[in-house]
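# Fold the stuff below for me.
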Amino acid sequence: MTESLIFPEDCRTMPEVRAGVDATDRELIALLDRRFAFMRAAARIKDDRGAVRDETRKAEVIENIRKDALDRNLPAEKLAQIWDLLVESSIDYELEEWDRLRAD
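Predicted coordinates for the structure are as follows:
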């Protein structure tokens with residue numbers, strides 16, 4: 001979190017909570033930007049378009065999230081659903097990027 005932002009346990013008002021949520025959302029978008037940059041790298045590196053979809057890896061990523069969420073006492077199944085959508089969106093993005101890079 002940024003230095004000017006207070007921690008959740010220190011919030012005393014709803015404007016403080018909302019500012020924290022908004023700042024966290026901006027951080028999440030920045031992290032998603034970095035995640036999708038890795039998808040662009042994968043599209044550049046993979047020689048075979050068929051290698052983009054890897055169901056074993058997808059299951060591993062989602063299971064890692066489920067376990068991490070459980071360890072943090074977060075709603076693991078809901079987060080696994082979100083990650084399933086994130087991974088599917090990442091696969092779609094990587095396929096589009098793979099095609100774009102080889103469109104010549």
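# Next, the buried residues of stretch 25-42.
Residues 36, 39, 42 are the ones in stretch 25-42 that count as buried (16 or more other C-beta atoms under 10 Å). C-beta: built from backbone N, CA, C; applies to glycine.
# ugh, typo on my part, it should be stretch 85-103
In stretch 85-103, counting by 16+ other C-beta under 10 Å, buried: 86-87, 90-91, 93-94, 97-98.
# Identify all contacting residues around that stretch.
The contact list for stretch 85-103 (C-beta atoms under 8 Å, 6 or more residues apart in numbering) reads 32, 35-36, 39-40, 42-44, 46, 49, 52-53, 58, 61-62.
# repeat that with 6 Å
36, 39-40, 42-43, 49, 52-53, 58, 61 (C-beta atoms under 6 Å, 6 or more residues apart in numbering).
# Would you map the helices across the chain?
Using DSSP state H, the helices found in the chain span residues 14-45, 55-71, 76-101.
# ok so, going back, kindly reformat the contacts of stretch 85-103 as TSV containing pLDDT and distance to Thr13.
Compiled in TSV, those are given as follows (pLDDT from 0 to 100; distance: C-beta to C-beta, whole Å):
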residue	pLDDT	distance to Thr13
Phe36	98	35
Met39	98	39
Arg40	98	41
Ala42	98	43
Ala43	98	45
Arg49	97	52
Val52	97	47
Arg53	97	47
Lys58	98	41
Val61	98	37
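# Export those to a markdown table and append columns for distance to Glu77.
Listed next are those as a markdown table, based on distance: C-beta to C-beta, whole Å:
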| residue | distance to Glu77 |
| --- | --- |
| Phe36 | 25 |
| Met39 | 25 |
| Arg40 | 30 |
| Ala42 | 27 |
| Ala43 | 30 |
| Arg49 | 32 |
| Val52 | 27 |
| Arg53 | 23 |
| Lys58 | 16 |
| Val61 | 15 |
